[in-house]
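Peer 1: 3D, please:
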Amino acid sequence: MTYEEYLDEVTTLITEKYNLSDAAAIKLVVKAQDADFFVEHDEKEAMRTVDRAHQDAKSLYLASQKK
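Peer 2: Residues are numbered from 1 along each chain as shown. Just a heads-up that it's a prediction; the model follows:
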């Protein structure tokens, strides 16, 4: 999938699995982008899988709960 599709998938998974609003999920993904969380995903297409999207969605959600 493209980089943009991958980010959309992660955002969707956050809303579906963790019951956050679209706006809250988008905010998490944008914040992660700003922190360069997705740099390797942009550079390495092999990282943009559905399984990895599930892992990243969980990581971003859990990190947001620790604050």
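
Peer 1: every contact and neighbour count from this point should use C-alpha atoms.
Peer 2: Fine.

Peer 1: and residue 37, backbone torsions?
Peer 2: phi -60, psi -30 (degrees, to the nearest 10).

Peer 1: need the contact partners of the lowest-mean-pLDDT helix or strand in the chain.
Peer 2: When the helices and strands of the chain are scored by mean pLDDT, DSSP states H and E, helix 39-43 comes last with a mean of 92. Applying C-alpha atoms under 8 Å, 6 or more residues apart in numbering, the external contacts of helix 39-43 come out as 3, 33, 47-48.

Peer 1: how about a cut-off of 6 Å?
Peer 2: 3, 47 (C-alpha atoms under 6 Å, 6 or more residues apart in numbering).

Peer 1: may I see the buried residues of that helix?
Peer 2: 41-42 (16 or more other C-alpha atoms under 10 Å).

Peer 1: then whatever helix or strand comes next after that helix to PDB, C-alphas only?
Peer 2: Counting by DSSP states H and E, the next helix or strand C-terminal to helix 39-43 is helix 50-65. Provided in PDB are the C-alpha atoms of helix 50-65 (Å, rounded to 0.1, in the frame of the first residue of the first chain):
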ATOM      1  CA  VAL A  50      -1.800  -4.600   7.600                       C
ATOM      2  CA  ASP A  51      -0.100  -6.600  10.300                       C
ATOM      3  CA  ARG A  52       2.400  -3.700  10.900                       C
ATOM      4  CA  ALA A  53      -0.500  -1.200  10.900                       C
ATOM      5  CA  HIS A  54      -2.100  -3.200  13.700                       C
ATOM      6  CA  GLN A  55       1.200  -3.100  15.700                       C
ATOM      7  CA  ASP A  56       1.600   0.600  15.100                       C
ATOM      8  CA  ALA A  57      -1.900   1.500  16.000                       C
ATOM      9  CA  LYS A  58      -1.500  -0.300  19.300                       C
ATOM     10  CA  SER A  59       1.800   1.400  20.000                       C
ATOM     11  CA  LEU A  60       0.500   4.800  19.300                       C
ATOM     12  CA  TYR A  61      -2.600   4.200  21.400                       C
ATOM     13  CA  LEU A  62      -0.700   2.800  24.300                       C
ATOM     14  CA  ALA A  63       1.800   5.700  24.200                       C
ATOM     15  CA  SER A  64      -1.000   8.200  24.200                       C
ATOM     16  CA  GLN A  65      -2.400   6.600  27.400                       C
END
